[in-house]
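**Q** Next one to model:
(4 chains)
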Protein chains: 4
Amino acid sequence: MRIGMLTSGGDCQSLNATMRGVAKTLYNELKDVEIIGFLEGYKGLMYEDYKVMKPRDFSGILTEGGTIIGTSRQPFKQMRVIGEDGFDKVAAMKKTYKKLNLDCLVILGGNGTQKTANLLREEGLNVVSLPKTIDNDLWGTDMTFGFQSAVNIATEAIDCIHTTAASHGRVFIVEVMGHKVGWLTLHAGMAGGADIILIPEIPYDIDKVAQAIEKRTKEGKRFSILAVAEGAISKEDAALSKKEYKAKLAASVYPSVSYEIGKRIEEKTGQEIRVTIPGHTQRGGSPCPYDRVLSSRFGAAAAKMILDKDFGNMIGIKNGEMVRIPLADVAGKLKMVNPDSSIIHEAKALGISFGD
Amino acid sequence: MRIGMLTSGGDCQSLNATMRGVAKTLYNELKDVEIIGFLEGYKGLMYEDYKVMKPRDFSGILTEGGTIIGTSRQPFKQMRVIGEDGFDKVAAMKKTYKKLNLDCLVILGGNGTQKTANLLREEGLNVVSLPKTIDNDLWGTDMTFGFQSAVNIATEAIDCIHTTAASHGRVFIVEVMGHKVGWLTLHAGMAGGADIILIPEIPYDIDKVAQAIEKRTKEGKRFSILAVAEGAISKEDAALSKKEYKAKLAASVYPSVSYEIGKRIEEKTGQEIRVTIPGHTQRGGSPCPYDRVLSSRFGAAAAKMILDKDFGNMIGIKNGEMVRIPLADVAGKLKMVNPDSSIIHEAKALGISFGD
Amino acid sequence: MRIGMLTSGGDCQSLNATMRGVAKTLYNELKDVEIIGFLEGYKGLMYEDYKVMKPRDFSGILTEGGTIIGTSRQPFKQMRVIGEDGFDKVAAMKKTYKKLNLDCLVILGGNGTQKTANLLREEGLNVVSLPKTIDNDLWGTDMTFGFQSAVNIATEAIDCIHTTAASHGRVFIVEVMGHKVGWLTLHAGMAGGADIILIPEIPYDIDKVAQAIEKRTKEGKRFSILAVAEGAISKEDAALSKKEYKAKLAASVYPSVSYEIGKRIEEKTGQEIRVTIPGHTQRGGSPCPYDRVLSSRFGAAAAKMILDKDFGNMIGIKNGEMVRIPLADVAGKLKMVNPDSSIIHEAKALGISFGD
Amino acid sequence: MRIGMLTSGGDCQSLNATMRGVAKTLYNELKDVEIIGFLEGYKGLMYEDYKVMKPRDFSGILTEGGTIIGTSRQPFKQMRVIGEDGFDKVAAMKKTYKKLNLDCLVILGGNGTQKTANLLREEGLNVVSLPKTIDNDLWGTDMTFGFQSAVNIATEAIDCIHTTAASHGRVFIVEVMGHKVGWLTLHAGMAGGADIILIPEIPYDIDKVAQAIEKRTKEGKRFSILAVAEGAISKEDAALSKKEYKAKLAASVYPSVSYEIGKRIEEKTGQEIRVTIPGHTQRGGSPCPYDRVLSSRFGAAAAKMILDKDFGNMIGIKNGEMVRIPLADVAGKLKMVNPDSSIIHEAKALGISFGD
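**A** Numbers count the residues shown, from 1 in each chain, chains lettered A, B, ... in the order given. Purely as a prediction, here's the structure:
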């Protein structure tokens, strides 16, 4: 068998562990298998930029962050767009697939990547995909790999901020990754003991945020910590059209939302604000043990799909068991935080404010 | 309301986070609530050794390992046994409960603790319990708090061993906690990339273990790493009666199983063996973010049971949601690793040997 | 004896460990000693806001970040300024000292704090001080406590960025604390394997920075990492007067220098830039073992000065040994990175660019 | 130029970082340089087992534990011993050196390794060496690389034990590496807040150890933690001849000293004891930032010695500056903890017992 493999979209901590899982299982179960690693995501597939992998390439990478075959962002929207030079991306990917005589393509990625994977499936390629994202927003799986590692890093930032906030008596904002969904901010915020959590799914009222801070001040607490998602949005802004909001963001002088939220809180409460942007550190470093186990299981289960010649699915985890979810069902859907879910109610019971 | 609270059995990382979850929710939801912390587990309840807790006692403990009210091991077997001095433990506990006019007892603990909690329920006390153990062996819940933190520590030990093993070309044994069940060893072993995993549920054949090591040597790999549970058992020993095996262990000159397994491997393969015993470090340190979120949710959900006056249950998590499991169902059952489960098959597909 | 104690200025990780060192030694060596903790730095001394400490207050804090007695910034410049309400800060501090009948004041802080400590010494108070700062810029000591802990956090950020930078092929800036001196950026940059390090002591030429990045690109390296001090300054800006530069900074739309440096690099090289601001996380979390040993030694040695009634000194470390440095020598001096020192030459030999 | 390189003896965390420092500097400063990596220490030099290194081999290894060229223990004592097969080790090493036409040999190692390096120097080879050891026992340098990383791991073990010890009220022993010297145990013990520290340089009296524990119990402290070096020795045993003591150790049923010390304490105090053996984890994992900076500096400075053709020295650090120490001075000397040094007095002032 000849298997292509690629990692696409924003990177995360457990990509290598997942590829290792697929590869180790294939090498163990098949006498004759060759794995082709396409470099920098779909680009490598388009432009025939690849490396013939050897078993030792997958050795010792369980704990390595990043991806040994590189990645790049290739927006799904542009996949069908023919370039000025007449370059047809989809046709090129199909051509590479045929030319290399591949039996299957193993694709690791998030939402955009899964959409393109589904497109390739529709175009007749054998595709097996795996759910990568620190955002945990992929439909059809309880958990994505990368998420818990990112939670750890964001939480560590909040932990560090805790001691300094307590010493000085200040308000701190830790900006957590997540433009569209708030899973990462919610979990890191709860784990870090944040007092206020702002996520895209629950638009905030800046007055309620200020009140939550002032309530703490009145109770004699010298500091407050906010975990704010990159995509946190005020009630006013949530009422705007998508286009209007984009224009507003583009016109902002602030490099990210937290600076603006900080300024508004400062105006309302008169308290000193400090902003921390852990940024891309949240995608980096060694995967946590949870992710390594999950990735190893995902990898073994994805390899099993290949052995079964059961193509066109993304591997996922449901209730602790590996499941195969048709790509047609996954593509284009987003798993968001439900503002009325039990975890939100539990967080509120603990006294956390969502500014709503 | 007046709530008693105690932590019993071997400690773990997220006890304080869990108690904080219960307390914060109760303080938020009830105008008038007093929490009594019994010191050193059931002993405090027996001997009226307690502390009236204040809200600030539960502040800042989300990240603190250990338990702010202490713990001790009080074997379930001896609960009904009357002491030489005529001391009746169960009667004493009931007496304290009545005397302090408690509305409910919140109990955090593992298997033995849950059995005693059930006994107190049978004796008519209002009991709410929470699943604490690094072993993850409590029936009725997908996950216990403490487990993932312990996985992290055991994995870190294996990670460290990896670099030194690779440098020297040696066989290393890392002994992981778990006398009866192998969840911790299984997860840490998979996360750490162990080559061989020995757990109580899958008795090993020392020849197969030696073969797995020699196979690696033949493949040019300079080292092998074994993750061995404290309760790892050979096929011969598994055939003994419980009594015979206990006698055998008691007669052993080795402080723990790994030293003996190491010696036998040395004899069979002629390779140099090194043993590492992380021991009680696996119970210690700050809880990992995963456990802090789980504990916070458990705490909030247990408080909700109290508010609902729904007593006699242990809180658990099933498919991501909080569930209430009758203590009568929990008590006396053990959740073990099924040697025929998918995770074991996945681990084997990855090339891990279980010595069977 | 009756000893006052205070922590002043920006907090750091090992303040508690240091106070514990002083306190444990005093309690061990003296039969009769009382420690008064002034709250929130010099403010507590001015306004008689204090707590009578007990031995158990200093127990278990070796590993705790922050400061158990709080801190605040009290600019040295304003110490002699009489408030509108006629409040004389220095007189107030002296009054508290006399009123409480103190034998000595133990002061933990950085540059500004040491200046005020020296002022109090000049005013006739018995003062013993300890060198706290993540900046390592105190004159008279090879090392300050807090520095190595901060190096660890900043390095961890660079480590995380490494894996994501390598995956995507991008230029990353990690902004490290340090407005006036570059020790933290230099050490974290070297430890994290940064390709370019920009510090206040070595003004940069943006063209040289761009060239260093492009050189790497030409060599086939897909990414570059810059460790940039908060106080990094271009050659042009370094030529401005202090006043002009302050005005320029104040007029900038960017919340910190890295965003502007990033934009200029983007313009020059056309490469995608990402900025990470670990910010106050660098002051937070548990002190690293190095700092705990250093703080314990500092604490014991400061207590020894008290026992010897040798006042008016800051404790420091020189060539591994504890030394007593007259406050009069310390106050107002800054220990900066010498651009011609051996560590800079070593860093350059390793291929690191300083943009000069 | 043609440079040979080898790592010998027990591995540690910062070997790769050091080799990278040497290599990066040589590649930067010399147009034409080739580095030969001998595999598994002196064995590779003896048996011509080597790999021609390329610049990219040294890329990305700053943070990697272990050694990319392997190591092995080659006792100095046997270097001059001719094998039964007539194999002359020293002659073989010289032959390889000449055959490969090497200009210099870069040797990374501890005490034994430095002795052999000196032997090779005496035999006329150009040798440059670097001080590797977690023990920090090399004469002539204030610090060895590997030491601070090992301190971190041992301290983390003690930190974890702290929370569990406090919860249960028990006596814990953490056995720290170090057969001959106690630097690692001393630093980890101080950093971890151990109550009792036993090191080879200060023979202990088991009664004094028991008294120190009982003193704590009387003061109401529920637990005690001992940091015990592998080479901790009682006053009685210290009075034995070396030969007698070796025989005694060999006859012991205990795999390491801590088990025996634990048993004796149990007998004397009646308290429950638990033993933890972090073992080889102390040599493993990623080097800490301190070690990475030190190793980078050592590497650059060692390369400078080569460029200067100044052979026959070990690089070291004295008062923060790189120094060149003649191998003839280093070989055969041990830097031990002085029981009368200031750090020991400071530790005792803090209340730590050394059992003396």
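**Q** if I look at A:Gly312, how far off is chain B?
**A** 21 Å (Cβ to the nearest Cβ, to the nearest Å). C-beta coordinates here come from the backbone N, C-alpha and C atoms, glycine included.
**Q** surely that residue meets A:Leu327?
**A** Yes: the criterion here is Cβ atoms under 8 Å, and A:Gly312 meets it with A:Leu327 at 5.5 Å.
**Q** Please say which of those two ends up with more neighbours.
**A** More crowded of A:Gly312 and A:Leu327, by other Cβ atoms under 10 Å in any protein chain shown: A:Leu327, with 24 against 20.
**Q** any chance you could map the helices in chain A?
**A** Here chain A has its helices, by DSSP state H, at A:15-29, A:42-46, A:89-99, A:111-122, A:147-168, A:183-192, A:206-218, A:235-239, A:242-251, A:257-269, A:289-307, A:327-330, A:342-349.
**Q** what's the nearest residue to A:Ser8 if we skip its chain neighbours?
**A** Leaving aside its sequence neighbours, A:Ser8 sits nearest to A:Gly41 (Cβ to Cβ, 6 or more residues apart in numbering or on different chains; 3.5 Å).
**Q** on that earlier part again, where do the contact lists of A:Gly312 and A:Leu327 overlap?
**A** Listed as contacting both A:Gly312 and A:Leu327 by Cβ atoms under 8 Å, 6 or more residues apart in numbering or on different chains are A:Arg121, A:Val127.
**Q** Next one, pLDDT for the closest residue to chain D within chain A please.
**A** At 8.6 Å from chain D, A:Ser286 is the closest residue in chain A, using Cβ to the nearest Cβ. Looking at A:Ser286, its pLDDT stands at 96.
**Q** Please give me every residue in contact with it.
**A** Counted by Cβ under 8 Å, 6+ apart, A:Ser286 has contacts A:Gln13, A:Thr63, A:Glu64, A:Gly65, A:Ser149.
**Q** filter those down to the ones near chain C?
**A** With Cβ under 8 Å from any Cβ of the partner chain as the criterion, those include A:Gln13, A:Glu64, A:Gly65 near chain C.
**Q** Now rank those residues by neighbours and give me the top one.
**A** In terms of neighbours by other Cβ under 10 Å, the ones next to chain C among the contacts of A:Ser286 top out with A:Gln13 at 33 neighbours.
**Q** ok, now how distant is that one from chain B?
**A** For A:Gln13, the distance to chain B (Cβ to the nearest Cβ) stands at 13 Å.
**Q** List the residues that contact that residue.
**A** Applying Cβ under 8 Å, 6+ apart, we find A:Gln13 in contact with A:65, A:134, A:145-146, A:149-150, A:283-288, A:291, C:163.
**Q** need the residues you listed in JSON lines with distance to B:Ile69, can you?
**A** Formatted as JSON lines, the contacts of A:Gln13 follow (distance: Cβ to Cβ, whole Å):
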{"residue": "A:Gly65", "distance to B:Ile69": "39"}
{"residue": "A:Ile134", "distance to B:Ile69": "37"}
{"residue": "A:Phe145", "distance to B:Ile69": "37"}
{"residue": "A:Gly146", "distance to B:Ile69": "37"}
{"residue": "A:Ser149", "distance to B:Ile69": "33"}
{"residue": "A:Ala150", "distance to B:Ile69": "33"}
{"residue": "A:Arg283", "distance to B:Ile69": "40"}
{"residue": "A:Gly284", "distance to B:Ile69": "39"}
{"residue": "A:Gly285", "distance to B:Ile69": "35"}
{"residue": "A:Ser286", "distance to B:Ile69": "35"}
{"residue": "A:Pro287", "distance to B:Ile69": "35"}
{"residue": "A:Cys288", "distance to B:Ile69": "30"}
{"residue": "A:Asp291", "distance to B:Ile69": "33"}
{"residue": "C:Thr163", "distance to B:Ile69": "41"}
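**Q** among the residues you listed, which ones are buried?
**A** Using 16 or more other Cβ atoms under 10 Å in any protein chain shown as the burial test, the contacts of A:Gln13 include A:65, A:134, A:145-146, A:149-150, A:283-288, A:291, C:163 as buried.
**Q** Tell me which two of the contacts of A:Ser286 sit farthest apart.
**A** Taking Cβ to Cβ as the measure, the contacts of A:Ser286 span a maximum distance of 12.2 Å, between A:Glu64 and A:Ser149.
**Q** Look up the closest residue to A:Glu260, ignoring the ones flanking it.
**A** A:Tyr254 (4.8 Å).
**Q** quick one: the one you found and C:Ser256 touch, right?
**A** No: between A:Tyr254 and C:Ser256 there is no contact under Cβ under 8 Å: 11.9 Å.
**Q** Mind checking which of those two has more residues around it?
**A** Higher neighbour count among A:Tyr254 and C:Ser256: C:Ser256, with 20 against 17, using other Cβ under 10 Å.
**Q** Alpha carbons of stretch A:132-146, as PDB, please.
**A** These are the backbone C-alpha positions of stretch A:132-146, laid out as PDB (Å, rounded to 0.1, in the frame of the first residue of the first chain):
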ATOM      1  CA  LYS A 132      -6.700  18.400  15.000                       C
ATOM      2  CA  THR A 133      -7.300  21.700  16.700                       C
ATOM      3  CA  ILE A 134      -6.600  23.500  19.900                       C
ATOM      4  CA  ASP A 135     -10.100  25.000  19.600                       C
ATOM      5  CA  ASN A 136     -12.000  21.700  20.100                       C
ATOM      6  CA  ASP A 137     -14.600  22.900  17.700                       C
ATOM      7  CA  LEU A 138     -14.900  20.000  15.300                       C
ATOM      8  CA  TRP A 139     -18.300  18.500  15.000                       C
ATOM      9  CA  GLY A 140     -18.700  14.800  15.600                       C
ATOM     10  CA  THR A 141     -16.000  14.200  18.200                       C
ATOM     11  CA  ASP A 142     -16.100  14.900  21.900                       C
ATOM     12  CA  MET A 143     -12.400  16.000  21.900                       C
ATOM     13  CA  THR A 144      -9.800  17.100  19.400                       C
ATOM     14  CA  PHE A 145      -6.100  16.500  19.900                       C
ATOM     15  CA  GLY A 146      -4.200  19.700  20.800                       C
END
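**Q** Could I get the buried residue list for it?
**A** Buried-residue list, stretch A:132-146, by 16+ other Cβ under 10 Å: A:132-146.
**Q** Name the nearest of the ones next to chain C among the contacts of A:Ser286 relative to A:Leu186.
**A** Out of the ones next to chain C among the contacts of A:Ser286, the member with the shortest distance to A:Leu186 (by Cβ to Cβ) is A:Gln13, at 18.9 Å.
**Q** so what pLDDT did the closest one get?
**A** Reported pLDDT for A:Gln13: 95.
**Q** surely A:Gly178 meets A:Ala229?
**A** Yes: counting by Cβ under 8 Å, A:Gly178 does reach A:Ala229; the two are 4.3 Å apart.
**Q** Residue ranges of each domain in chain A, please.
**A** Chain A breaks down into these domains under automatic domain parsing: A:2-146+A:287-330, A:147-283.
**Q** among these, which is nearest C:Ile306?
**A** Across the domains of chain A, C:Ile306 has its closest neighbour in domain A:147-283 (24.4 Å, Cβ to Cβ).
**Q** Dihedrals phi and psi, the residue in the stretch 251-356 of chain A that chain C sits nearest to?
**A** In the stretch 251-356 of chain A, no residue comes nearer to chain C than A:Gly284, which is 3.1 Å away by Cβ to the nearest Cβ. With angles defined as degrees, to the nearest 10, A:Gly284 sits at phi -110, psi -180.
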